[in-house]
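In: I would like the atomic coordinates for the input below:
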Amino acid sequence: MDYVLYCRLPNFYVQLLQLSEDRPCAVIRDKMVLDSNAHAIKRGVVPGMPLAQARTILREDGVFRTLRAEDGEEEQKRWLELCTEFTGVIEPEDRHSAFLDLSAHPKPFDVAQRFLERLARRSGCEARFGVGASKWLARLSADEDGERLTPLDAEWLADLTVTKLSPVLPEHRERLRFLGYHAIGLVADLPIHILRGQFGDDGLRIQLAAKASWKDPVLALYPPDTLSERLIFDGSCEDNLMLDRTLVTLAKRIGNRLLHSEQQATELHLTLEKEDGELHKLNRRFNKPLRCPRSALAALRLLFGKGIEAPIVSLGARLPFLERARAAQQNLMGTVSQIETVNRADSALKQLRSVFGESSIQVAGQIALPRRVRVLQEWKNATGWR
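Out: Numbers count the residues shown, from 1 in each chain. Got it, this is the predicted structure:
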């Protein structure tokens, strides 16, 4: 089951810029209010409000600070690094917000609780958060509730206004309201042929969104040029058989992500967390690149060697310095797939023909034999003469 956690840090920019607590203050970006302190919120100035409206409300009492592009970079890295201790699939939305995919964990609810507790201790404030099977549902959960760790579903969506369907184009949401479908549940009950008749191909998107089935997966954008994966066990891993099954699962996730992004890596860093909280790190650089599940599994097994010496509660893998996969280079296993072999042959033929001409290399079945040879061949076939 997909389990996406959306997390947003309140007052991130107010604290960053050390704004006064005694006067109403607001942080501005692109002529919009990005953040505001308690005094400004009491006066009605909230994030998302146009700057002109905020100035009208606060008048000469207000303090407005414009956020620079570089402001908050280091602070963002610090709290995102905490995220990497719980998952390897992190998509920052802004300096103060991010999506975390916790689907790989046996008990994502427990992992989310642990993360939020650690984040509160680290940042000194309670984050707003929400959970869903996709990003838009998780963000909607944070906007509507802000303290919900159970995934938002179609039943919960039914009573909300249709304007909350963020995957649907704004003009289509307005048209649904004009047609009388003000609640999401009413839209979900519409047959697909009616939606297609009114909205064309977008009808399917509208129906899937209304039924909480529209997917927008989390993109692994942090850390940049690095692939990270983490598994937190349901209990602890105590024997080598269980460890090997875990390595197979981890290798599949790593390998499939490398194949999907067409990237490779030659370094592998592992972090093992023991029951007492001690961290044990293993690093190795390989001569052949990792770029598929098989090579990832071989690398993990080589790095572990004889196995584990003590029970571990979590296992993290990080592949830094990712680079574009080079098709001409063999992988760690020393073998290539049939498709890859064909692609390499086609690439080599194209290169030769570009240098020596199209007719320099021909398929045997396409070579035209001289007429005399063809006549003799037919004579042999007809008379049986050898």
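
In: going by C-alpha atoms from here, please, whenever you check contacts or count neighbours.
Out: Fine.

In: pretty sure residue 206 contacts residue 168?
Out: Yes: with contacts counted by C-alpha atoms under 8 Å, residue 206 reaches residue 168, the gap being 6.0 Å.

In: list the buried residues in stretch 272-284.
Out: Across stretch 272-284, burial judged by 16 or more other C-alpha atoms under 10 Å covers 272, 273, 274.

In: and that stretch, how far apart are its ends?
Out: 15 Å (C-alpha to C-alpha, to the nearest Å).

In: chain center to it: distance?
Out: Put simply, stretch 272-284 sits 25 Å off its chain's centre (C-alpha atoms, centre = their mean, to the nearest Å).

In: other residues contacting that stretch?
Out: Outside of stretch 272-284, the residues within contact range by C-alpha atoms under 8 Å, 6 or more residues apart in numbering are 236, 267-271, 303-304, 310-316.

In: show me which pair in those residues is furthest apart.
Out: Maximum pairwise distance in those, criterion C-alpha to C-alpha, is 26.5 Å, between 236 and 267.

In: so the two - more neighbours on which side?
Out: Between residue 236 and residue 267, counted using other C-alpha atoms under 10 Å, the more crowded position is residue 267 (19 against 16).

In: what's stretch 56-69 in contact with?
Out: For stretch 56-69, contacts defined as C-alpha under 8 Å, 6+ apart pick out 23, 24, 25, 26, 27, 28, 29, 40, 43, 44, 45, 55.

In: reformat those as TSV; add distance to residue 196.
Out: Below are the contacts of stretch 56-69 laid out as TSV (distance: C-alpha to C-alpha, whole Å):
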residue	distance to residue 196
23	53
24	49
25	48
26	44
27	43
28	41
29	39
40	46
43	45
44	41
45	41
55	45
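
In: now, these that are in helices?
Out: 40, 55 (DSSP state H).

In: show me which of the contacts of stretch 56-69 are buried.
Out: Buried among the contacts of stretch 56-69 (16+ other C-alpha under 10 Å): 24, 25, 26, 27, 28, 29, 40, 45, 55.

In: now pLDDT and distance to residue 326 too, for those residues, in CSV please.
Out: Below are the buried ones among the contacts of stretch 56-69 laid out as CSV (pLDDT from 0 to 100; distance: C-alpha to C-alpha, whole Å):
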residue, pLDDT, distance to residue 326
24, 93, 56
25, 94, 53
26, 94, 50
27, 95, 46
28, 95, 45
29, 94, 42
40, 93, 55
45, 94, 53
55, 94, 56
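
In: mind putting those residues into JSON lines with distance to residue 125?
Out: Formatted as JSON lines, these follow (distance: C-alpha to C-alpha, whole Å):
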{"residue": "24", "distance to residue 125": "20"}
{"residue": "25", "distance to residue 125": "19"}
{"residue": "26", "distance to residue 125": "18"}
{"residue": "27", "distance to residue 125": "18"}
{"residue": "28", "distance to residue 125": "21"}
{"residue": "29", "distance to residue 125": "23"}
{"residue": "40", "distance to residue 125": "18"}
{"residue": "45", "distance to residue 125": "20"}
{"residue": "55", "distance to residue 125": "28"}
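
In: out of these, which one sits closest to residue 286?
Out: Comparing those against residue 286 with C-alpha to C-alpha places residue 29 closest, at 45.6 Å.

In: got a list of what the closest one touches?
Out: Contacts for residue 29 were tallied using C-alpha under 8 Å, 6+ apart; they are 66, 67.

In: residue 106 too?
Out: Counting by C-alpha under 8 Å, 6+ apart, the residues that residue 106 touches are 232, 233, 234.

In: and the last one, how far is that from residue 314?
Out: Just to be clear, that refers to residue 234. Residue 234 is 9 Å from residue 314, by C-alpha to C-alpha.

In: mind checking which of these two has more residues around it?
Out: Comparing residue 234 with residue 314 by other C-alpha under 10 Å, the one with more neighbours is residue 314, at 23 against 14.

In: where does the more buried one land in three-state SS?
Out: Assigned with DSSP: H, G, I helix; E, B strand; the rest coil, residue 314 falls in the strand class.

In: how much space separates the residue lying closest to it once chain neighbours are set aside from residue 299?
Out: Closest residue to residue 314 apart from its sequence neighbours, by C-alpha to C-alpha, 6 or more residues apart in numbering: residue 232 at 4.3 Å. According to C-alpha to C-alpha, residue 232 and residue 299 sit 20 Å apart.

In: same thing with residue 87?
Out: Residue 87 sits 20 Å away from residue 299 when distances are taken as C-alpha to C-alpha.

In: tell me how the chain divides into domains.
Out: Listed domain ranges for the chain are 18-66, 93-210, 227-324, 337-386 (source: automatic domain parsing).

In: how far does the second one sit from its chain's centre?
Out: So the one you mean is domain 93-210. Worked out by C-alpha atoms, centre = their mean, domain 93-210 lies 17 Å from the chain centre.

In: gap between the two ends of it?
Out: 23 Å.

In: about what we covered before: more crowded one of residue 206 and residue 168?
Out: residue 206 (28 against 20).

In: name the element the more buried one belongs to?
Out: Residue 206 is part of helix 202-210 when elements are defined by DSSP states H and E.

In: which elements pack onto that helix?
Out: helix 184-188, helix 192-199 (3 or more C-alpha pairs under 8 Å, 6 or more residues apart in numbering; DSSP states H and E).
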